[in-house]
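Chemist: any chance you could fold what I've pasted below:
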Amino acid sequence: MLVKNAKKFASITYMDVLQKGLKVMDSTAISLCKDNNLPIIIFNLNQHGNIRRVVMGEKIGSVVSA
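Modeler: Below you'll find the predicted structure:
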């Protein structure tokens, strides 16, 4: 589903994701990542090569962290 007025964040905090009700992933999963200080990288999984790019440390997508 595409949202025409969606805004891309280079980085955002766990709390902002939860407070804004962003549907990045399940709120329980976000809370668990927050509790364990695990960053989340949000990127287009459907674009060929993106998994490799993320694993290699390339700055693509958005980062959710503290």
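
Chemist: use CA for all of it now, contacts and neighbours both
Modeler: Noted.

Chemist: so what touches the helix or strand hosting residue 52?
Modeler: Using DSSP states H and E, the element containing residue 52 is helix 50-55. For helix 50-55, contacts defined as Cα atoms under 8 Å, 6 or more residues apart in numbering pick out 41, 43-45, 60.

Chemist: what of stretch 58-66?
Modeler: Stretch 58-66 is contacted by residues 8-14, 17, 34, 37-44, 53-54 when judged by Cα under 8 Å, 6+ apart.

Chemist: which among these count as buried?
Modeler: 14, 17, 34, 40, 42 (16 or more other Cα atoms under 10 Å).

Chemist: got the phi and psi for the last one?
Modeler: Spelled out, it's residue 42. phi -100, psi 120 (degrees, to the nearest 10).

Chemist: what sits against it?
Modeler: Here residue 42 is in contact with 24, 61-64 (Cα under 8 Å, 6+ apart).

Chemist: give me the subset of these that lies in strands.
Modeler: Within the contacts of residue 42, residues falling in strands by DSSP state E are 62-64.

Chemist: closest one of these to residue 3?
Modeler: residue 62 (16.4 Å; Cα to Cα).

Chemist: so for that closest one, what's the pLDDT?
Modeler: On pLDDT, residue 62 comes in at 95.

Chemist: any idea how far residue 25 is from it?
Modeler: Separation of residue 62 from residue 25 (Cα to Cα, to the nearest Å) stands at 13 Å.

Chemist: neighbour count for the two, which is higher?
Modeler: Taking neighbours as other Cα atoms under 10 Å, residue 62 and residue 25 compare with residue 62 leading, 15 against 11.

Chemist: in helices, which of the contacts of stretch 58-66 fall?
Modeler: Among the contacts of stretch 58-66, the members falling in helices are 14, 17, 34, 53-54 (criterion: DSSP state H).

Chemist: shaky segments in this structure?
Modeler: For the chain, the stretches flagged by pLDDT under 70 are 1.
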